[in-house]
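S.K.: Could you look at this predicted model? Sequence included:
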Amino acid sequence: EPLVWWKEAGRARRIHRGAGTQTAFGPVGVLRERPLQRRRVFARPEASAREGGANRGGTARTSRPLSPGGQRAFLIPVPDFTNGQKERQIMQIYEELKARGLIAQVTDEEEIRELVNNGKATFYIGFDPTADSLHVGHFMALCLMKRLQMAGNKPIALVGGGTGYIGDPSGRTDMRSMMTPETIQHNCDCFKKQMSRFIDFSDGKALMVNNAEWLMNLNYIEFLREVGPHFSVNNMLRAECYKQRMEKGLSFLEFNYMLMQSYDFYELFQRYGCNMQFGGDDQWSNMLGGTELIRRKLGKDAHAMTITLLLNSEGKKMGKTQSGAVWLDPEKTSPFDFYQYWRNVGDADVLKCLRMLTFLPLEQIDEMDKWEGSQLNKAKEILAFELTKLVHGEEEAAKAQEGARALFAGGANTENMPTCELGEEDFTDGNIDILTVLTKSGLAASRSEARRNVEQGGVSADGTQIKDIKAVFAKEQFAGDGVVIKRGKKNFKKVILK
């Protein structure tokens with residue numbers, strides 16, 4: 001049955017209009033209560049999705065479509081016979097994903113909506129083990145898997161123990177470095193531990209599969225005969241993932257990646273009934289290769305959906321800092337630094353990140369849409385806390401938040417600030433200079449960079465600006481609570497003695 005949407009005073013513009021728009025409903029599986037209003041919005045399937053405009057009047061006119069699936073909405077005055085009683089409404093998962101702006105491209109929207117809304121999707125997302133930790137670039141995929149599993153669908157996390165030997169050329173201008181089998185296996189093991197924070201692998205509710213199971217033992221001649229005839233080199237060269245590499249040169253090794261990924265989908269379809277693949281929007285060509293291979297080889301339908309890439313307001317991928325990627329491993333990016341990354345996102349990006357990455361109800365996020373100025377700092381704190389809690393747990397998120405407030409608002413102690421320890425070997429005659437402190441603490445990559453920071457007036461110790469590049473500190477100053485060294489507005493460390 002079509003969803004029923006309630007029109008609130010002054011909020012007609014928030015009626016759902018398709019991908020990326022706002023709604024007044026919470027996450028899948030959570031019933032949101034709303035008081036009955038005098039006007040209902042009904043779905044009328046036979047109407048064209050292209051008709052209509054925003055309806056702010058009181059007559060039965062067409063308004064913007066409820067969904068891109070051929071429905072439009074119209075308003076009918078309805079007397080309130082309930083004396084203010086509440087009716088319970090629920091948003092289905094596909095509509096939830098669209099409202100959060102997560103869906104970029106789909107192969108068959110009606111079929112995919114039917115599968116995921118009814119918990120019939122067995123889907124996979126691939127993760128190539130190029131490092132020993134997942135990073136923010138994987139974060140949205142993990143959140144999507146969690147959302148879909150909560151709606152009754154079955155996720156398969158495919159770790160690329162086989163494709164990792166080749167390397168995905170998508171989004172790159174150079175060739176990835178070759179990894180040893182031991183490194184690939186170690187990275188795969190690290191991935192599963194991190195994924196378990198997001199996905200429930202118990203009782204067969206989700207699977208983790210390594211494509212090395214079928215790729216490593218392939219016979220090259222048999223593979224070419226079985227798969228090769230179904231791929232057009234002309235079409236492959238037109239794929240966006242290869243276009244970006246053509247200027248600098250695309251190796252034959254990487255050219256095979258599309259065939260490998262397509263073969264993964266083909267194998268998963270046969271082994272586990274996997275009927276859907278999800279991935280980043282830059283994976284679209286590779287994903288279509290898989291659906292086409294299944295259609296040609298098995299005569300059956302499989303589906304693909306890409307996730308919107310997480311870009312900032314300048315169109316750049318989020319998840320990187322000057323010092324590199326933002327990792328999910330606390331040993332590579334501390335919970336505090338992870339918190340600070342999200343606390344410092346731009347004003348124009350905070351609401352988008354809240355919608356796409358958190359599990360907060362959309363109704364709550366819509367209210368933040370009205371916030372301005374200093375209120376946006378509160379929204380950033382909420383974003384940083386929620387995401388740190390997802391990755392590192394509530395206790396670490398609370399510590400990170402307290403440490404940040406200690407520095408920027410003076411509202412807490414320094415116990416939970418990121419810390420650097422100095423040993424006896426770091427001191428010369430019981431002293432240490434400011435340039436060494438900056439490099440040892442990681443606040444500067446080199447002494448020359450540290451020198452520039454001091455000369456430009458961007459360094460302070462316990463709130464006092466350091467202007468002299470020859471400034472020194474006695475070892476005793478770092479005893480007890482230590483010294484808070486700050487570079488710029490947002491980078492700091494508490495430096496203490498071991």
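M.R.: Sure thing, it's come through. Numbers count the residues shown, from 1 in each chain.

S.K.: CA only for contacts and neighbour counts going forward, please
M.R.: Noted.

S.K.: residues in contact with Glu213?
M.R.: Gly162 (CA atoms under 8 Å, 6 or more residues apart in numbering).

S.K.: SS state for the residue nearest to the spatial centre of the chain?
M.R.: Centroid check for the chain by CA atoms, centre = their mean gives Met140 as the closest residue, at 2.3 Å. Of the three states, Met140 takes helix according to DSSP: H, G, I helix; E, B strand; the rest coil.

S.K.: mind listing what it touches?
M.R.: 310, 356-357.

S.K.: What confidence value was assigned to it?
M.R.: pLDDT recorded at Met140 is 89.

S.K.: One more: Asn312?
M.R.: pLDDT at Asn312 comes out at 81.

S.K.: separation between Ile382 and Ser313?
M.R.: For Ile382, the distance to Ser313 equals 20 Å [CA to CA, to the nearest Å].

S.K.: quick one, strands of the stretch 101-250 of the chain?
M.R.: Secondary structure of the stretch 101-250 of the chain (DSSP state E, counting those that start in this stretch): strands at 103-106, 122-127, 154-159, 207-210.

S.K.: Rebuild those as TSV, extending it with mean neighbour count and mean pLDDT.
M.R.: TSV is the format used below for the strands of the stretch 101-250 of the chain (neighbours: other CA atoms under 10 Å; pLDDT from 0 to 100):
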stretch	mean neighbour count	mean pLDDT
strand 103-106	18	94
strand 122-127	23	95
strand 154-159	23	95
strand 207-210	18	92
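
S.K.: sorry, back to before: between Ile382 and Ser313, who's got more neighbours?
M.R.: Ile382 (19 against 13; other CA atoms under 10 Å).

S.K.: Can you tell me the element that one falls in?
M.R.: helix 375-392 (DSSP states H and E).

S.K.: C-terminal to that helix, what's the next element?
M.R.: Past helix 375-392, further along toward the C-terminus, the next helix or strand under DSSP H and E is helix 394-408.

S.K.: for the helix or strand that that next one is followed by, packing partners?
M.R.: Per DSSP H and E, the first helix or strand lying C-terminal to helix 394-408 is strand 419-422. When contacts are defined as 3 or more CA pairs under 8 Å, 6 or more residues apart in numbering; DSSP states H and E, strand 419-422 sits against strand 491-497.

S.K.: Within the sheet, what are the partner strands of the strand it packs on, with directions?
M.R.: Here strand 491-497 is paired, per DSSP bridges, with strand 419-422 (parallel), strand 483-487 (antiparallel).

S.K.: Tell me which residues touch the closest residue to Asp481 other than its chain neighbours, please.
M.R.: Spatially, and ignoring its direct neighbours in sequence, Asp481 is nearest to Ile496 (6.8 Å; CA to CA, 6 or more residues apart in numbering). The contact partners of Ile496, taken as CA under 8 Å, 6+ apart, are 419-422, 478-483.

S.K.: which among the residues you listed end up buried?
M.R.: Among the contacts of Ile496, the ones that count as buried by 16 or more other CA atoms under 10 Å are 419-420, 422, 478, 482-483.

S.K.: where does the stretch 201-350 of the chain dip in pLDDT?
M.R.: 321-323 (pLDDT under 70).

S.K.: Pull up the gap between His303 and Thr130, please.
M.R.: Shown here: His303 relative to Thr130, a distance of 26 Å by CA to CA.

S.K.: After the helix or strand hosting Gln270, which helix or strand is next? Please name it.
M.R.: Element membership for Gln270 (DSSP H and E) is helix 257-272. Of the helices and strands lying after helix 257-272 in sequence (DSSP H and E), the nearest is strand 276-280.

S.K.: Number of residues surrounding the closest residue to Asp329 other than its chain neighbours?
M.R.: Nearest residue to Asp329, sequence neighbours excluded (CA to CA, 6+ apart): Ser133, at 5.8 Å. By other CA under 10 Å, the residues close to Ser133 number 22.

S.K.: Ser133 is in contact with Asp189, isn't it?
M.R.: No - the criterion here is CA atoms under 8 Å, and Ser133 misses it with Asp189 at 9.6 Å.

S.K.: mind listing what Met258 touches?
M.R.: Met258 neighbours (CA under 8 Å, 6+ apart): 285-286, 289.

S.K.: Out of those residues, list just those in helices.
M.R.: Judged by DSSP state H, the subset of the contacts of Met258 located in helices is 285-286, 289.

S.K.: Adding neighbour count as columns, could you present those in CSV?
M.R.: Listed next are these as CSV, based on neighbours: other CA atoms under 10 Å:
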residue, neighbour count
Ser285, 19
Asn286, 21
Gly289, 22
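
S.K.: wait, which of the residues you listed is closest to Ala157?
M.R.: Distance ranking of those against Ala157, using CA to CA, places Asn286 first at 17.0 Å.

S.K.: picking up where we left off before, confidence score at the residue nearest to Asp329?
M.R.: Ser133 carries a pLDDT score of 92 in this model.

S.K.: follow-up on the earlier one: please identify which of the strands of the stretch 101-250 of the chain is closest to Met145.
M.R.: strand 154-159 (6.2 Å).

S.K.: For Lys193, find the nearest of the strands paired with strand 491-497.
M.R.: strand 419-422 (25.9 Å).

S.K.: what's in contact with the closest one?
M.R.: Contacts for strand 419-422 (CA under 8 Å, 6+ apart): 440-441, 493-498.

S.K.: Could I get those residues in JSON lines, plus columns for pLDDT?
M.R.: Listed next are the contacts of strand 419-422 as JSON lines, based on pLDDT from 0 to 100:
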{"residue": "Lys440", "pLDDT": "87"}
{"residue": "Ser441", "pLDDT": "85"}
{"residue": "Lys493", "pLDDT": "80"}
{"residue": "Lys494", "pLDDT": "82"}
{"residue": "Val495", "pLDDT": "88"}
{"residue": "Ile496", "pLDDT": "86"}
{"residue": "Leu497", "pLDDT": "86"}
{"residue": "Lys498", "pLDDT": "80"}
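
S.K.: Between which two of those residues is the distance greatest?
M.R.: Using CA to CA, the contacts of strand 419-422 span at most 14.7 Å, a distance reached by Lys493 and Lys498.

S.K.: who's more crowded, those two?
M.R.: Lys493 (23 against 10).

S.K.: Now for the more buried one: which residues touch it?
M.R.: With contact set as CA under 8 Å, 6+ apart, Lys493 has these partners: 417-420, 441, 443, 484-486.

S.K.: So of these, which two are at opposite extremes in space?
M.R.: Spanning the widest gap among those are Met417 and Leu443, at 13.9 Å by CA to CA.

S.K.: ok now do Tyr263, which residues does it touch?
M.R.: With contact taken as CA under 8 Å, 6+ apart, Tyr263 is in contact with 227, 290, 293.

S.K.: The second one is in contact with Gln261, isn't it?
M.R.: Yes - using CA under 8 Å as the test, Gly290 is close enough to Gln261 to be in contact (7.0 Å).

S.K.: ok so, going back, please tabulate the contacts of Lys493 in CSV and include distance to Gly101 as additional columns.
M.R.: Converted to CSV, the contacts of Lys493 look like this (distance: CA to CA, whole Å):
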residue, distance to Gly101
Met417, 34
Pro418, 34
Thr419, 38
Cys420, 40
Ser441, 39
Leu443, 36
Val484, 40
Ile485, 40
Lys486, 37
